[in-house]
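Novice: Provided below for reference: sequence and predicted model.
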Amino acid sequence: MANLYLIHKKSSAEALALAQEDKDALVVLLQDGVYLDVSGFNKTQVYAIKWDVDIRGLNQRTPSTVKLISYHDLVDLIVANKVVNLT
């Protein structure tokens, strides 16, 4: 079971930094959290909600290391992991 960080605000850089230090972290960017720069994340799996990326026109700016998922996929991640929601 991983620690699932739900990042939904542009002002959540501190939460991203905390997740990067967590060896058991999975990060999901949703809503305005998809604006955050995660290009430096090497060891942490980062997901982003595809709908949120698409609606904000960020398709070309999303790093290839970020896995785009649906809200349905997010539910599966929430059920399977421990949620850490820092706002």
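Specialist: Great, that's in hand. Residues are numbered from 1 along each chain as shown.
Novice: Look up which helix or strand the residue nearest the centre of the chain falls in, please.
Specialist: In the chain, the C-alpha nearest the mean C-alpha coordinate belongs to residue 28, at 2.2 Å (C-alpha atoms, centre = their mean). Assigned by DSSP states H and E, residue 28 belongs to strand 25-29.
Novice: How far off centre is that strand?
Specialist: Strand 25-29 sits 4 Å away from the centroid of its parent chain (C-alpha atoms, centre = their mean, to the nearest Å).
Novice: Let me know the next secondary structure element after that strand.
Specialist: strand 45-49.
Novice: Pull up the pairing partners for the helix or strand harbouring residue 68, direction included.
Specialist: Here residue 68, judged by DSSP H and E, is contained in strand 67-69. When pairing is defined by DSSP bridges, strand 67-69 lines up against strand 45-49 (parallel).
Novice: Show me what the partner strand is in contact with.
Specialist: Outside of strand 45-49, the residues within contact range by C-beta atoms under 8 Å, 6 or more residues apart in numbering are 25-31, 33-34, 38, 62, 65-71, 73-74, 77. To be clear about C-beta, it is placed using only N, CA and C from the backbone, and glycine gets the same treatment.
Novice: Mind checking the pLDDT average for it?
Specialist: Across strand 45-49, pLDDT averages out at 96.
Novice: right, and residue 77 touches residue 5 too?
Specialist: No - the pair residue 77 / residue 5 is not scored as a contact, 10.7 Å apart, by C-beta atoms under 8 Å.
Novice: Identify the bridge partners of the closest residue to residue 33 other than its chain neighbours.
Specialist: The shortest distance from residue 33 to any non-neighbouring residue, by C-beta to C-beta, 6 or more residues apart in numbering, is to residue 7 (4.0 Å). When assigned by DSSP bridges, residue 7 has beta-bridge partners residue 29.
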